[in-house]
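1. Here is the input, now give the coordinates:
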Amino acid sequence: RRAVRDNQTLTLQENRAKAVVAGETTARTPRFVKTANGARALDEKALARAKKLVGLKGYVTNIPATVMPAGEVIGSYHDLWHVEQSFRMSKTDLRARPIFARTRDAIEAHLTIVFTALAVSRAVQDRTGLSLRRVIRALKPLRSATITVNGTTTTIPAQAGPDEQAILDAIHAPTARH
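-> As a prediction, the model looks like this:
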């Protein structure tokens, strides 16, 4: 499947390069077009190399194979979407706002709080199987109260329905240690 998709993409790039070289279209210099002395030409060598690599995907890392095996490198690469999702999530779901801190301590404190919130939100998502947004929407209406009357303090717990209680139970459940 990858080879078929790569072949289609490569053919489109080759056609675009040929059109630019022939002067049929004007565009920024596409892949496989080389410019020498102001003249554009098809880069046959680069095109041939790309055709040899159709269907293959390579991973480049500076980590030695003795430290991280190839399978782990590929697995880590495939998990990058979690990092990207975290950055998208941090601005909305965590309600993180830019701050204008000038001192190193203030900057480090802010980053510590944001990353702690991110870690907690990840734990909540992993334990409940729900998105953070759904957890927040489900639990936001829950309220508890602490009342002091004549020196006696009484706490009235939140009235959670079965769905909310299932989320709370999942969050508070002990986790297996690695």
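2. Would you map out the domains in this structure?
-> 1-53, 94-177 (the TED database).
3. helix/strand/coil for the residue lying closest to Leu42 once chain neighbours are set aside?
-> The shortest distance from Leu42 to any non-neighbouring residue, by Cβ to Cβ, 6 or more residues apart in numbering, is to Val21 (5.3 Å). Yep, even glycine has a C-beta here, placed from its N, CA and C like the rest. Secondary structure, DSSP: H, G, I helix; E, B strand; the rest coil: Val21 is helix.
4. hang on, Val21 packs against Ala39?
-> No - between Val21 and Ala39 there is no contact under Cβ atoms under 8 Å: 9.1 Å.
5. returning to what we had before: how much space is there between the residue nearest to Leu42 and Gln13?
-> Distance, Val21 to Gln13, by Cβ to Cβ, to the nearest Å: 13 Å.
6. Between these two, which is the more surrounded one?
-> Val21 (19 against 16; other Cβ atoms under 10 Å).
7. where does this structure dip in pLDDT?
-> By pLDDT under 70, the low-scoring segments of the chain are 27, 86-99, 176-178.
8. ranges for the helices of this structure?
-> Ranges of helices in the chain, per DSSP state H, are 2-22, 44-52, 70-78, 80-92, 104-128, 132-139, 162-172.
9. could you dump the ones you listed to a markdown table with distance to Asn62?
-> Compiled in a markdown table, those are given as follows (distance: least, Cβ to Cβ, whole Å):
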| stretch | distance to Asn62 |
| --- | --- |
| helix 2-22 | 25 |
| helix 44-52 | 23 |
| helix 70-78 | 11 |
| helix 80-92 | 16 |
| helix 104-128 | 24 |
| helix 132-139 | 33 |
| helix 162-172 | 39 |
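10. Nothing else from me, thank you.
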